[in-house]
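Colleague: Sequence plus predicted model, see below.
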Amino acid sequence: LLTHSEVANWRSIHDMVEMWAYPGRLSAHITVEMNDLMRGFATRMLQDVVAIAERRPGTLHWARQVAEHLDLVLPLPLNAEFETLYPHHSHDVDWREAEQSATAAVRELAERWSRATPDDIAAQIAHIETEAGLTNVRGPRYTPWLCSEIARQVTAHLAWAQALIVAGCSGELVSPFLHRAYETNEAGWKDLALTCLERPPLRSAAITLALTMSQPDEDLLAQVLTQLEGYTEYVRWGGARREIPEYQTRLLLHHPDAAIACAAAEGIWHASEGSIPDSFLNEWRQVVLRSDADRHWLTEVLGADPELSYQWLQTRFADEAPDFFGVTHEHVIQAAVSGLSEETRRALLLQIPDSDRYGFVEVVTRLIDGHPALYRDLLSNEQLRWFHLTPLAGTPEGEWLEKALMAVEAGYSPNDIARAAYSPRGFTFHRGNESAMWSEWVEHFERLCAHEDERLRQIGEAGKAQVSHLLEEARRRERREAIYGLE
């Protein structure tokens, strides 16, 4: 059937072959006999696909990988240029040697193609990129570097850039030629840059040029700064690689889009390895105060600077809708609080607003962790009454016992205190049945029932009664599910 039909969707053909070639992907149990049968049928399918895929270098590249999996020796008319730009390496090959061989092949291809006409080569590059996209090729991709090598060797950079654009190539591949046209002051480079900026698939070429110019064109740069939505990753890592000069970096720090400004601040942090240059320091700190993303770099920044952490928390408290929910910001909040003194923590507790209560649970708990005296202050603050028992979420042992006695002295009942321990915030990830989890909680409270302090024994008894009831409910549900399945 394949040999007599025009294939409109090669990816669906690939999926069909892989379904037979990789029986282990199926959720059902496959016998050895069925596994061999499926792999044999996949071999026949793959041979049929290869027979009609002569002009499909991406499909032939994919077919080689499937053939290796099937231990099949299959003659394949592989496209040399495709294989150079998307090399396939076996797992038993030394990756250093493979990389050296691949880069040498790309250099040779660039040298050869640089002597050809731009239109012909652009069409070949576009076809290769389209094929790679259609077949979802994984592994190294050398096409951007190939274009950089060709751009270094040719003189008519704009002609090459235009040819790639006409062929439908991405801005990433046009970029090296546009950069070289600017560096050599080739007539028309700015017009082409503005054209790229107007077209989303090509926009990255204009953006990377304007942000990396040693002598920026103010008009182009001004327009680029208004088109940075979706380019935070380049701002972040272009800055980290020190590709963006100080002038453009400062403009990015003042960008009205907080995501762009924060990406620029993160880039500076990585580039400076934590030692922010004095020329950026004040502006950089102001941008950090605007950042509320739960990213690793921010945990490092706040963990190393208690003064900045205090200001950052104050800024978050003043937000109309602070994003402080649980695990979303758990690590960054922990980092911000970790270096604060007890007095600073006390001052921040007094600044907790009486709105968006759920959003501040994590902050309040972190401020009090390790400082029982602050819990007494919290219990005496009627404005923050809603938060009084939130620091008691967790296993009833260690510091928890001291805080529980403070809650008793503040007038809270054993039932309330016990319930706070296994509140949603007190849960940890648990594998297995729900009943097993509640069994562990029964054990926690049973240990508390044997405590020498009568007040804690009462809390243990109250908690044991509560979670024993939850344990029985969980067991009943699990019995029903075992018989009737999930409801």
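Modeller: Arrived safely, thanks for sending.
Colleague: Please tell me how far residue 47 sits from residue 72.
Modeller: Residue 47 sits 8 Å away from residue 72, taking C-beta to C-beta, to the nearest Å as the criterion. No exception for glycine: its C-beta is placed from N, CA and C like everyone else's.
Colleague: before we move on, what about residue 222?
Modeller: From residue 222 over to residue 72 the distance is 58 Å, taken as C-beta to C-beta.
Colleague: More neighbours: these two, which one.
Modeller: More crowded of residue 222 and residue 72, by other C-beta atoms under 10 Å: residue 72, with 16 against 12.
Colleague: For burial, what's the neighbour tally of the nearest residue to residue 300 once chain neighbours are set aside?
Modeller: Closest residue to residue 300 apart from its sequence neighbours, by C-beta to C-beta, 6 or more residues apart in numbering: residue 274 at 7.0 Å. The local packing of residue 274 (other C-beta under 10 Å) involves 11 other residues.
Colleague: just checking, what's the longest helix in this protein?
Modeller: As assigned by DSSP state H, the longest helix anywhere in the chain is helix 454-484.
Colleague: Tell me the spatial nearest neighbour of the residue nearest to the spatial centre of the chain, not counting adjacent residues.
Modeller: Centrality entry for the chain: nearest residue to the mean C-alpha point is residue 295, 9.3 Å, by C-alpha atoms, centre = their mean. Distances taken as C-beta to C-beta, 6+ apart put residue 266 closest to residue 295, at 6.9 Å, once the chain neighbours are dropped.
Colleague: any idea how far that neighbour lies from residue 359?
Modeller: Following C-beta to C-beta, the distance that separates residue 266 from residue 359 is 24 Å.
Colleague: Counting neighbours, go ahead and name the busier of these two.
Modeller: When neighbours are counted by other C-beta under 10 Å, residue 266 and residue 359 differ, and residue 266 comes out ahead with 25 against 19.
Colleague: Wait, that one touches residue 233, no?
Modeller: No - Residue 266 is not in contact with residue 233 according to C-beta atoms under 8 Å; the separation is 10.5 Å.
Colleague: coming back round to it: tell me the phi and psi of the residue nearest to residue 300?
Modeller: Dihedral pair for residue 274: phi 90, psi -10, per degrees, to the nearest 10.
Colleague: The nearest residue in space to residue 289 that is not next to it in sequence sits in which helix or strand?
Modeller: Excluding its sequence neighbours, the residue lying closest to residue 289 (C-beta to C-beta, 6+ apart) is residue 315, at 4.7 Å. Following DSSP states H and E, the helix or strand that holds residue 315 is helix 306-318.
Colleague: cool, residue 33 as well?
Modeller: helix 32-51.
Colleague: Same check on residue 402?
Modeller: Using DSSP H and E, residue 402 sits within helix 399-409.
Colleague: likewise residue 110?
Modeller: Here residue 110 is assigned to helix 95-113, by DSSP H and E.
Colleague: does residue 217 really touch residue 189, like I thought?
Modeller: No - using C-beta under 8 Å, residue 217 is not in contact with residue 189, being 9.4 Å away.
Colleague: Let me see the contact set for residue 58.
Modeller: Going by C-beta atoms under 8 Å, 6 or more residues apart in numbering, residue 58 touches 10, 82, 128, 130, 131, 132, 133, 134, 135, 137.
Colleague: Make CSV out of these and add secondary structure, pLDDT and neighbour count.
Modeller: Listed next are the contacts of residue 58 as CSV, based on DSSP: H, G, I helix; E, B strand; the rest coil; pLDDT from 0 to 100; neighbours: other C-beta atoms under 10 Å:
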residue, secondary structure, pLDDT, neighbour count
10, helix, 82, 17
82, helix, 95, 21
128, helix, 95, 22
130, helix, 92, 14
131, helix, 91, 22
132, helix, 91, 21
133, helix, 89, 11
134, helix, 84, 16
135, coil, 82, 21
137, coil, 81, 20
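Colleague: My read is that residue 67 contacts residue 76, right?
Modeller: Yes - here residue 67 reaches residue 76: they are 7.4 Å apart, a contact under C-beta under 8 Å.
Colleague: Which one of those two is surrounded by more residues?
Modeller: Between residue 67 and residue 76, counted using other C-beta under 10 Å, the more crowded position is residue 67 (20 against 14).
Colleague: OK, contacts around the more buried one?
Modeller: 46, 73, 74, 76.
Colleague: Could you do residue 435 as well?
Modeller: Residue 435 touches 471, 474, 475, 478, counting by C-beta under 8 Å, 6+ apart.
Colleague: Where does it sit, in terms of helix or strand?
Modeller: Following DSSP H and E, one finds residue 435 within helix 434-449.
Colleague: what's the answer for residue 233, then?
Modeller: Per DSSP H and E, residue 233 falls inside helix 232-240.
Colleague: Name the surrounding residues that touch that helix.
Modeller: Contacts for helix 232-240 (C-beta under 8 Å, 6+ apart): 204, 207-208, 211-212, 228, 244, 249, 252, 259-260, 263-264, 266-268, 270-271.
Colleague: Which of those fall within helices?
Modeller: Short answer: these in helices (DSSP H) are 204, 207-208, 211-212, 249, 252, 259-260, 263-264, 266-268, 270-271.
Colleague: just the residues you listed now: which is nearest residue 176?
Modeller: Residue 176 lies nearest to residue 208 out of those, by C-beta to C-beta, at 9.8 Å.
Colleague: which of the residues in the longest helix of the chain are buried?
Modeller: 455-456, 458-464, 466-468, 470-471, 474 (16 or more other C-beta atoms under 10 Å).
Colleague: That one to helix 434-449, inter-axis angle?
Modeller: Here helix 454-484 points in a direction 160 degrees away from that of helix 434-449 (axes from the mean of the first three to the mean of the last three C-alpha atoms, to 10 degrees).
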